[in-house]
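Enquirer: Dropping a prediction and its sequence here:
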Amino acid sequence: MSNIDQDEEGPPEGDVDEEVLEKCLEQILSALMTPAIDGVYAVVEATKVRRNRYLEKHSGDVESAVSAAIEYNANMSRLKTLLVSLVPGVGVPGSLIVPVWNQIRTVALIACLYGFDVSDSDVQCDILLCLVEADARKVGRKVMGEVGRKVARELIKKVTSRATARLISKFIPFGAMYDVLTDSSVGVGKHAQKYFRAQASTSEGSLMLQRVEKESLDDDQKLDLLSKAHKLFELGEEPELIAKVEKLQHNIREFGSDIRTQIPGKSIFGLLQAFVSLIFQFLNSILQLVLLALKSVYWMFAGNREE
């Protein structure tokens, strides 16, 4: 049989055109997000309910709960997909829908465990980006439709590289799609864990930094908060915030927090401002002492007159 004859016959059974698959994946991602997060009454547990159940089971230990969620997804994803793919008339779409569903559910659970609002559109975009292990921080504007297309396109690239030896023209075997989606379950879970843990750490560290800058705390309290914030920013991989914390720590140890608050950025103008402020404080103290002495003298003379 010639190549022309093969082309006339169309794609082999079980294969799909790349463009068709991309649109199919985009639609699947869009359709599954809401029920995967909010659940389906009496059928699928909502993500927030799952979060509470996992935290209760693991005594409030977030990291243990996240690890359990990743392990459960890895163990069940391939089994569920295999069972669905064996059902006549359901196998082809099921081999795409089930692993994507499992991964969205798992990533959403991880985000929720780290304290994120999974109903927020930006968080949902981050959930989708985690499916292809992308760094959501490097993505500019996050619009669900655009992110869905990017994620679908990246999944196709993974499948293409995985199934190169099996490709015929521009058609992709569904089996390759199934393998990529199920085999990447652990990687996706680990990536989501790292990403959302980093984001949560950065948020918590930023709150501590705000307390140091705005609240009336003594030096030891501020240094303690800055030390904790430094560790959190290291987890969040935030070099600029780490540098800011280290500068504040140095300033407090070197000059004290009272002076530090009066010299933002340790500029020359800030130093001069702090120096002038100290002079005024000193003069004010001297003035108070002089007034006190004058009052004492006055009452002494007044007492002598009465005698």
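Expert: On my side now, so go ahead.

Enquirer: Near residue 49, how many residues? Count them for me, please.
Expert: 12 (other Cβ atoms under 10 Å). The C-beta positions use only the backbone N, C-alpha and C, and glycine is treated the same way.

Enquirer: And it, how far from residue 63?
Expert: 20 Å (Cβ to Cβ, to the nearest Å).

Enquirer: next one: residue 38
Expert: For residue 38 relative to residue 63 (Cβ to Cβ), the value is 26 Å.

Enquirer: Give me the more crowded residue out of these two.
Expert: Neighbour count, other Cβ under 10 Å: between residue 38 and residue 63, residue 38 has more, with 15 against 12.

Enquirer: mind checking pLDDT for the more buried one?
Expert: Residue 38 is assigned 92 on the pLDDT scale.

Enquirer: Check the burial of the closest residue to it other than its chain neighbours by counting its neighbours.
Expert: Nearest in space to residue 38, with sequence neighbours left out and distances taken as Cβ to Cβ, 6 or more residues apart in numbering, is residue 46 at 5.6 Å. A total of 18 residues lie near residue 46 under the criterion other Cβ under 10 Å.

Enquirer: Surely residue 46 is in contact with residue 37?
Expert: Yes - when contacts are counted by Cβ atoms under 8 Å, residue 46 is listed as touching residue 37 (7.4 Å).

Enquirer: hey, where'd the strands end up in the stretch 151-300 of the chain?
Expert: With strands called from DSSP state E, counting those that start in this stretch, the stretch 151-300 of the chain shows them at 171-173.

Enquirer: Okay, and residue 99 sits in which element?
Expert: Of the helices and strands defined by DSSP states H and E, residue 99 is found in helix 91-113.

Enquirer: Which positions in that helix come out as buried?
Expert: Of all the residues in helix 91-113, those buried under the rule 16 or more other Cβ atoms under 10 Å are 91, 94-113.

Enquirer: after it comes which helix or strand?
Expert: Next along from helix 91-113, by DSSP H and E: helix 121-130.

Enquirer: for that following helix, packing partners?
Expert: For helix 121-130, the packing partners by 3 or more Cβ pairs under 8 Å, 6 or more residues apart in numbering; DSSP states H and E come out as helix 18-38, helix 91-113, helix 144-162, helix 185-214.

Enquirer: So which other helices or strands are in contact with the first one?
Expert: In terms of contacts (3+ Cβ pairs under 8 Å, 6+ apart), helix 18-38 is packed against helix 47-57, helix 91-113, helix 121-130, helix 144-162, strand 171-173.

Enquirer: Same list (the ones you listed) but as TSV, adding distance to residue 136 and mean pLDDT.
Expert: TSV is the format used below for these (distance: least, Cβ to Cβ, whole Å; pLDDT from 0 to 100):
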stretch	distance to residue 136	mean pLDDT
helix 47-57	18	94
helix 91-113	11	78
helix 121-130	4	91
helix 144-162	9	75
strand 171-173	26	47
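
Enquirer: Would you format the ones you listed as a markdown table with distance to residue 21 included?
Expert: A markdown table is the format used below for those (distance: least, Cβ to Cβ, whole Å):
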| stretch | distance to residue 21 |
| --- | --- |
| helix 47-57 | 27 |
| helix 91-113 | 8 |
| helix 121-130 | 17 |
| helix 144-162 | 6 |
| strand 171-173 | 6 |
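
Enquirer: mind checking which of these is nearest residue 241?
Expert: Closest to residue 241 of the helices and strands packed on helix 18-38, according to Cβ to Cβ: helix 121-130, at 19.5 Å.

Enquirer: Dump the closest one to PDB, keeping only the CA atoms.
Expert: What follows is helix 121-130, C-alpha atoms only, in PDB (Å, rounded to 0.1, in the frame of the first residue of the first chain):
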ATOM      1  CA  SER A 121     -10.000  33.000  39.100                       C
ATOM      2  CA  ASP A 122      -6.200  33.700  39.500                       C
ATOM      3  CA  VAL A 123      -5.800  30.600  41.700                       C
ATOM      4  CA  GLN A 124      -7.700  28.500  39.200                       C
ATOM      5  CA  CYS A 125      -5.300  29.700  36.500                       C
ATOM      6  CA  ASP A 126      -2.400  28.700  38.700                       C
ATOM      7  CA  ILE A 127      -4.100  25.300  39.100                       C
ATOM      8  CA  LEU A 128      -4.200  24.800  35.400                       C
ATOM      9  CA  LEU A 129      -0.600  25.900  35.000                       C
ATOM     10  CA  CYS A 130       0.500  23.400  37.500                       C
END
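
Enquirer: Give the residue spans of this protein that score low on pLDDT.
Expert: Along the chain, the model assigns pLDDT under 70 to residues 1-18, 74-96, 140-142, 158-184, 256-271, 301-307.

Enquirer: redo that, cut-off 80
Expert: Where the chain drops to pLDDT under 80, the residues are 1-25, 73-99, 134-145, 155-186, 254-276, 293-307.

Enquirer: I figured residue 110 hits residue 193, correct?
Expert: Yes - at 5.7 Å, residue 110 counts as touching residue 193 under the criterion of Cβ under 8 Å.
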